[in-house]
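>>> What follows is a predicted structure for the sequence shown.
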Amino acid sequence: MAEDGYVPADSRTLETRFPGVYAVGDVANVGVPKAGVFSEGAARVVAASLIAQLQGGEPPAAYDGRGACYVEFGAGRVGRVDVDFLSGPKPTGTFQAPSAELAAEKQHFGASRRARWFNR
């Protein structure tokens with residue numbers, strides 16, 4: 001399935017050239033970074049697509065290739081970069097200056113994922 005170490009997939013649907021097979025995460029070659037936030041978004045699209053197929057519903061909206069990365073600055077301050085890799089002709093991003101509010105947001109983000117994924 002892999003070409004040069006990655007599985008080619010449609011960047012909007014995550015479908016591979018093999019019927020019924022999708023690629024998400026580090027293995028997928030869809031034009032986004034290999035970071036968990038992008039894998040999570042891609043997995044949501046694939047899950048919604050599979051559910052729609054099983055229930056005969058409309059396919060989900062395309063994968064948007066958007067995500068956020070937190071940047072630690074020390075002294076209780078965290079910044080955030082919001083990026084969009086797929087909606088335009090080239091990737092775009094915005095930076096939110098470091099703050100205590102973003103530090104709290106980052107903490108909540110991590111805690112919500114741990115609770116959902118590991119029941120903690």
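Everything's here; your move.
>>> who touches the most far-flung residue of the chain relative to its centre in this structure?
Ranked by distance from the centre of the chain (Cα atoms, centre = their mean), the top residue is A75, with 28.4 Å. The neighbourhood of A75, defined by Cβ atoms under 8 Å, 6 or more residues apart in numbering, contains no residues. To be clear about C-beta, it is placed using only N, CA and C from the backbone, and glycine gets the same treatment.
>>> any idea how far C69 is from the residue nearest the centre of the chain?
For the chain, the residue lying nearest the average C-alpha position, counting by Cα atoms, centre = their mean, turns out to be F38 (1.7 Å). F38 sits 10 Å away from C69, taking Cβ to Cβ, to the nearest Å as the criterion.
>>> same thing with V78?
V78 sits 11 Å away from C69, taking Cβ to Cβ as the criterion.
>>> okay, those two: which has more neighbours?
More crowded of V78 and C69, by other Cβ atoms under 10 Å: V78, with 20 against 15.
>>> Many thanks, I have nothing further to ask.
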